[in-house]
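> here is a sequence together with a model predicted from it:
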Amino acid sequence: MKRIFLIVLDSVGIGEMPDAADFGDEGSHTVRAAAASKCFSMPNMRKLGFFNIAGNRIGEPEVSPMGAFARMTEASKGKDTTIGHWEIAGAISLQPLPTYPQGFPEELIREFSDKTGRGVLCNKPYSGTEVIRDYGEQHMESGDLIVYTSADSVFQVAAHEAVVPVEELYRCCQIARDMLVGRHGVGRVIARPFEGRPGSFSRTVRRHDFSLAPPKTTMLDQLAAHGKEVLGVGKIYDIFAGRGVTDFVRTSGNADGIDKTLAYMEREFEGLCFVNLVDFDMLYGHRNDVEGYARALTYFDGRLPEILHKMKEEDILMITADHGCDPSTPSTDHSREYTPLVLYGKHVPAGRDFGTRPTFADIGATVLAYFGIEPQIDGQNLLEE
């Protein structure tokens, strides 16, 4: 029984890419920013080779790494969660998804309002915590939906759970998803429920993402077509619009995501367990919280031995990221960075440096090849080397 556990540390970038300036991200290095905190400690990832990766040499590299490692280059034209995960799964996006730095066109907002039967507030790029602070009270009085975006390709809808029940919010978001196609095909429509009173609003864990379906075949499609299981933990089902996922669980944060990954490790299956740990990005990167980011990395590292302990003879562990989100820069948006890849298992050559790869898609091609499936996706099998 072959199994691969692919864990995406959401936004854990390891240094600016050559075109970072084109994205306004010159100088970004998410891990280095977190490493400046006294809360930062990653001895277990160091042993696997995490700090042997080019551009991520923080402190002394491990003399004899237990794992193999590489620096991954994003070939797609973007720096968001959707495009990053699609590329990991073998689908390179040469056209960027649309963004709306001035808000969404008035005709779209009118159509959305007509179809949902609710008014719209805001319609600007905004921080998720600040938008409910600034518009939450007006929303509670009127019942109008708070619509906002960011530097990413997202249409976000916030509503107080006592004013708009979560299922109603999801219905409204599905309406938006059905509308936003073609040239307005944003990567994600995101339901952002919140609770509390004016002056003390907080977002709840019942966020839900409505993603575009990937534009072409992914490793998930191929695995499922060959009878392998594809288990999604966290946002994976949403990111791929459910396509190719055979079973999934959503999570309330990193701790819950690790717990549910460990539960899947107890299960007998052949295939892929694809995990997204979102707290790095959602709670700390977007809020420029260096200390929080450092603590989150330290927490993951502290629980890594539990994952390694549960690995079976034919298992492979892959740890990577989908983009950066440097918490030390003035920007609160994602950053255009290289990402790490660490591999560990009996079939992985310990200490092997696979260098700087031209695309995240090498991960998807490697996964498929391990199961004896000829990749019909972008990317190259690392283990073949």
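In hand now; what should we look at?
> alpha carbons only for contacts and neighbour counts from here, please
Fine.
> show me what counts as buried in stretch 226-245.
228-245 (16 or more other Cα atoms under 10 Å).
> so which of these belong to strands?
Secondary structure from DSSP state E places Glu229, Val230, Leu231, Gly232, Val233 of these in strands.
> I figured the last one hits Gly257, correct?
Yes: with contact defined as Cα atoms under 8 Å, Val233 and Gly257 form a contacting pair (6.5 Å).
> so what sits against both of the two?
Arg250, Thr251, Val275, Asn276 (Cα atoms under 8 Å, 6 or more residues apart in numbering).
> which one is the last one nearest to, not counting chain neighbours?
Setting aside the residues directly before and after it, Asn276 is nearest to Val8 in space (Cα to Cα, 6 or more residues apart in numbering), at 4.8 Å.
> okay, the angle between the helix or strand hosting that neighbour and strand 229-233?
Taking DSSP states H and E as the criterion, Val8 maps to strand 3-9. On the basis of axes from the mean of the first three to the mean of the last three Cα atoms, to 10 degrees, strand 3-9 is oriented at 30 degrees to strand 229-233.
> sheet partners, orientation included, of strand 3-9?
If you go by DSSP bridges, strand 3-9 pairs up with strand 271-277 (parallel), strand 315-320 (parallel).
> right, and the helix or strand after it?
Next element after strand 3-9 (DSSP H and E): helix 30-35.
> neighbouring contacts of that following helix?
11-15, 40-41, 56, 58, 290-291, 293-294, 324-328.
> show the subsequent helix or strand relative to the helix or strand of the chain with the lowest mean pLDDT.
One helix or strand of the chain scores below all others by mean pLDDT, DSSP states H and E: strand 208-211, with a mean of 90. Next helix or strand after strand 208-211 toward the C-terminus (DSSP H and E): helix 219-225.
> what helices and strands are in contact with that following helix?
strand 229-233, helix 361-370 (3 or more Cα pairs under 8 Å, 6 or more residues apart in numbering; DSSP states H and E).
> residues contacting that helix, please?
89-90, 229-230, 243-246, 271, 364-365, 367-368, 373, 375-377.
> mind redoing it with 6 Å?
With Cα atoms under 6 Å, 6 or more residues apart in numbering as the test, helix 219-225 has contacts from Ala89, Gly244, Gly364.
> could you find the closest non-adjacent residue to Glu16?
Glu337 (4.3 Å).
> could you measure from the one you found over to Leu283?
Look at Glu337 and Leu283: by Cα to Cα, to the nearest Å, they are 19 Å apart.
> neighbour count: these two, which is higher?
Higher neighbour count among Glu337 and Leu283: Glu337, with 32 against 15, using other Cα atoms under 10 Å.
> all helices for the protein, in order.
Here the chain has its helices, by DSSP state H, at 30-35, 43-48, 81-88, 106-116, 128-142, 166-179, 219-225, 236-239, 254-265, 279, 290-310, 361-370.
> ok so, going back, between the strand holding Val8 and helix 290-310, how many degrees?
Going by the same axes, to 10 degrees, strand 3-9 makes 170 degrees with helix 290-310.
> about what we covered before: and the residue nearest to Asn276, what is it in contact with?
Residues near Val8 by Cα under 6 Å, 6+ apart: Val275, Asn276, Thr320, Ala321.
> turn the contacts of helix 219-225 into CSV, including pLDDT and distance to Tyr170.
Output for the contacts of helix 219-225, formatted as CSV (pLDDT from 0 to 100; distance: Cα to Cα, whole Å):
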residue, pLDDT, distance to Tyr170
Ala89, 98, 27
Gly244, 98, 22
Gly364, 98, 31
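> quick one: which of those residues is nearest Ser150?
Distance to Ser150 across the contacts of helix 219-225 (Cα to Cα) is lowest for Ala89, with 24.6 Å.
> could you count how many residues lie near the closest one?
Counted with other Cα under 10 Å, Ala89 comes out at 27.
> how about low-confidence regions in this protein?
For the chain, the stretches flagged by pLDDT under 70 are 385.
> and for it, the residue most distant from the center?
Outermost residue of the chain with respect to the C-alpha centroid, by Cα atoms, centre = their mean, is Glu141; its distance is 34.3 Å.
> look up how far Thr129 lies from it.
In terms of Cα to Cα, Glu141 sits 19 Å off from Thr129.
> what's the answer for Ser331, then?
15 Å.
> next: Ile319.
Separation of Ile319 from Thr129 (Cα to Cα) stands at 29 Å.
> related to what we said a few turns ago, pull the contacting residues for the residue nearest to Glu16.
Gly13, Gly15, Glu16, Met17, His323, Gly324.
> tell me what the residue nearest to the first one when sequence neighbours are not counted is bridged to.
Closest residue to Gly13 in three dimensions, ignoring its sequence neighbours and counting by Cα to Cα, 6+ apart: Gly324, at 4.0 Å. According to DSSP bridges, the partner residues bridging Gly324 are Ser335.
> report how many residues lie close to Gly324.
32.
> show me what contacts it?
So Gly324 contacts Ser11, Val12, Gly13, His334, Ser335, Glu337 (Cα under 6 Å, 6+ apart).
> can you report how many residues lie near Arg183?
8.
> typo on my end, it should be Pro330
8.
> give me the phi and psi for the closest residue to it other than its chain neighbours.
Sequence neighbours aside, Asn288 is the residue nearest to Pro330 in space, at 7.9 Å (criterion: Cα to Cα, 6+ apart). Main-chain torsions, Asn288, degrees, to the nearest 10: phi 50, psi 40.
> is Asn288 in contact with Pro327, as I believe?
Yes: with contacts counted by Cα atoms under 6 Å, Asn288 reaches Pro327, the gap being 4.0 Å.
> so which of these two has more stuff around it?
The residue with more neighbours, out of Asn288 and Pro327, is Pro327; 30 against 20, by other Cα under 10 Å.
> my guess is that one contacts Tyr293. True?
No: look at Pro327 against Tyr293 with Cα under 6 Å: they stay out of range, at 7.5 Å.
> rewinding a little: who has more neighbours out of Ser331 and Thr129?
Neighbours of Ser331 and Thr129, each counted by other Cα under 10 Å, are more numerous for Ser331; the result is 17 against 13.
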